[in-house]
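Student: Fold the following.
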Amino acid sequence: MTTLALEALARLRDGNARYASDVRSLESMVSHTRRGALAAAQSPFAIILGCSDSRVPAEVVFDQGLGDLFVIRVAGNIVAPSQVGSVEFAADRFGTRLVVVMGHSGCGAITATLEVLREPTEQSSHIRSITDRVRPSVEPLLEPDMPRLEEATLIDKAVRANVRASCNQLRHGSALLEQLISSDSLLVVGAEYSLETGLVDFFDGVPRE
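Tutor: Here you go, the predicted structure:
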């Protein structure tokens, strides 16, 4: 695996540890002073595909500054063509070698999808375009032959199942990304952010140390 990807992952982990401990690095706090230099070009070290939830801003969660992260945010951290294209753009144009799909605890898009699966109701076509993409990953958890889970446990499992599905879509839904991954030039990992603790758990696709 590319050293750049592993170094980027370590950098995100270190930044999140600071954030969860209520500490900020001086570099991230003064990063706005690089605004002029960044006007000409950027070189983000990681791509984050995260949820639009107002409580999960990637730059804050990972204690990073201006120009550090290429962030794509959409409800439910789903993967649609525009998200794939955005990841491709950053990987190809900027040489960014780490992609993180980050879900979070208590995700509203996940709970909305579970509600629709239990009791189908009318939704706008735009909201349905989100829940329809979440649905295949969480629907198996509600199958009759599956054990009944407490609601909190069900949501936790659904969040992670959705993250894994999004990671797999990125790994196998783009010829460009597949080529980079097969040559060990790109790493796609899945993570979950805890609203309660502020910690990010990288749980899918993480190389063994």
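
Student: can you give me the end-to-end distance of stretch 178-188?
Tutor: 10 Å (CA to CA, to the nearest Å).

Student: Would you mark the buried spots in it?
Tutor: Neighbour counts over stretch 178-188 (16 or more other CB atoms under 10 Å) mark 180-181, 185-188 as buried. Backbone N, C-alpha and C define where each C-beta goes, glycine included.

Student: What of stretch 49-68?
Tutor: Quick answer for stretch 49-68 (16+ other CB under 10 Å): 49-51, 53, 56, 58-59, 61-68.

Student: S86: which of these is nearest?
Tutor: Checking the buried residues of stretch 49-68 against S86 by CB to CB gives L49 as the nearest, at 8.0 Å.

Student: Spatially, which two of the buried residues of stretch 178-188 are the most separated?
Tutor: For the buried residues of stretch 178-188, the maximum inter-member distance is 11.5 Å, found between S185 and V188 (CB to CB).

Student: Just the ones of the buried residues of stretch 178-188 in strands?
Tutor: Using DSSP state E, the members of the buried residues of stretch 178-188 that fall in strands are 187-188.

Student: Of all the buried residues of stretch 178-188, the one with the weakest confidence?
Tutor: Least confident of these in the model: S185, at 93.

Student: Verify the contact between it and T2 for me.
Tutor: Yes: if you go by CB atoms under 8 Å, S185 and T2 touch, sitting 5.5 Å apart.

Student: any shared contact partners between the two?
Tutor: Taking CB atoms under 8 Å, 6 or more residues apart in numbering as the contact rule, S185 and T2 both touch R97.

Student: Pull the contacting residues for the closest residue to S137 other than its chain neighbours.
Tutor: Closest residue in space to S137, ignoring its immediate chain neighbours: A165 at 3.7 Å, by CB to CB, 6 or more residues apart in numbering. A165 makes contact with 79, 136-137, according to CB under 8 Å, 6+ apart.

Student: helix or strand for A165, which one?
Tutor: helix 151-172 (DSSP states H and E).

Student: I'd like to know the average pLDDT value across that helix.
Tutor: Mean predicted confidence for helix 151-172 is 97.

Student: residues of it that come out buried?
Tutor: For helix 151-172, burial by neighbour count (16+ other CB under 10 Å) applies to 154-171.

Student: Could you write out the alpha-carbon coordinates of the lowest-mean-pLDDT helix or strand in the chain in PDB?
Tutor: None of the helices or strands of the chain scores lower by mean pLDDT, DSSP states H and E than helix 26-29, at a mean of 89. Taking C-alpha atoms only, helix 26-29 is exported to PDB below (Å, rounded to 0.1, in the frame of the first residue of the first chain):
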ATOM      1  CA  LEU A  26      -1.800  25.700  16.000                       C
ATOM      2  CA  GLU A  27      -1.400  24.800  12.300                       C
ATOM      3  CA  SER A  28      -5.100  24.100  11.700                       C
ATOM      4  CA  MET A  29      -6.100  27.300  13.600                       C
END
